[in-house]
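Peer 1: just need the structure, nothing else, for what follows:
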Amino acid sequence: MNFLKKLFGKASSSSQDGTVERVINETLKGVLERADLQLSYEITSVTEEQVTIEVSGSDEELLRDKDGQLLDALQFFMKRVIQHQLPESKVEVVFDSKGYREESNQALLDLAEKLKQVAIEKNRSVYFRALAPKDRKVIHQYLANDERVKSRSVGEGLYKKIKIFPASQAEERRGRGNGRRGRTETAET
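Peer 2: Next up, the predicted model:
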């Protein structure tokens, strides 16, 4: 239990005493010092729903390595700390570094567009590599805007592939599926 208190800090007896910004400042200062990372941060946007934190410094390349895993880890950790110290707070925390999130999302959308065109032109299913839930959400929302294709997540676990297929195939399968299930037809007189 002491380990968790050291990691997340003590839960505030009165969540009114602490603010999200104070918790973020105290926690990030400690994490960056203990990790010996040459990074600084700035809280760039604060609303009731979301806090955006811009991270920069000489070690910022580490934030972008391996598809931004360190950036995601900081974001996830900070979310858990806030949930622990301020249980009533439902604020979303977003970490970014020099527009990395926007670049990453744009690269995903560009690839999704290419795969969508392949699925339409060849009238067959194509698969997107295994992705984290936040990345799959970006792609599913983008593809939902085009009635010619459908998408769905395929696989087990946290990282799943995305299947992109022509909407006509979905309709054909629905029609065939109804026949196999003993569809009843009514005769008109």
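
Peer 1: state the pLDDT value of Phe3.
Peer 2: Here, the pLDDT recorded for Phe3 equals 49.

Peer 1: adjust the sequence numbering to begin at 27 for everything that follows.
Peer 2: Shifting the count to begin at 27 puts that one at Phe29.

Peer 1: so Arg90 is in which element?
Peer 2: Per DSSP states H and E: Arg90 is located in helix 86-111.

Peer 1: buried ones in that helix?
Peer 2: By neighbour count on 16 or more other C-beta atoms under 10 Å, the buried set for helix 86-111 is 86, 88-90, 94, 96-97, 100-101, 103-104, 107-108, 110-111. Just so you know, the C-beta spots here come from the backbone N, C-alpha and C atoms, and that holds for glycine as well.

Peer 1: ok, stretch 166-174 next?
Peer 2: Neighbour-count burial for stretch 166-174, counted by 16+ other C-beta under 10 Å, picks out 166, 168-169.

Peer 1: starting at the chain centroid, how far to it?
Peer 2: In terms of C-alpha atoms, centre = their mean, to the nearest Å, the centre of stretch 166-174 is set 18 Å apart from its chain centre.

Peer 1: what is the end-to-end distance of that stretch?
Peer 2: Between the start and the finish of stretch 166-174 there is a gap of 13 Å, counting by C-alpha to C-alpha, to the nearest Å.

Peer 1: out of the buried residues of helix 86-111, who's nearest Thr78?
Peer 2: Distances from the buried residues of helix 86-111 to Thr78 were compared by C-beta to C-beta; the smallest belongs to Gln101, at 10.4 Å.

Peer 1: contact partners for the nearest residue to the closest one once chain neighbours are set aside?
Peer 2: Leaving out its chain neighbours, the residue that sits closest to Gln101 by C-beta to C-beta, 6 or more residues apart in numbering is Phe121, at 4.3 Å. Phe121 sits next to 79, 81, 97-98, 100-101, 104 when contact means C-beta atoms under 8 Å, 6 or more residues apart in numbering.

Peer 1: same deal with Lys186?
Peer 2: Contacts here follow C-beta under 8 Å, 6+ apart; on that basis Lys186 touches 156-157, 162, 179-180.

Peer 1: could you report the distance from it to Lys142?
Peer 2: Between Lys186 and Lys142 the computed distance is 18 Å (C-beta to C-beta, to the nearest Å).

Peer 1: what secondary structure does the residue nearest the centre of the chain sit in?
Peer 2: Within the chain, one residue has its C-alpha closest to the average C-alpha position: by C-alpha atoms, centre = their mean, that is Lys160, at 1.7 Å. Following DSSP: H, G, I helix; E, B strand; the rest coil, the label given to Lys160 is helix.

Peer 1: dump the residue contacts of it.
Peer 2: Residues in contact with Lys160, defined by C-beta under 8 Å, 6+ apart, are absent; none qualify.

Peer 1: good, we can wrap up now.
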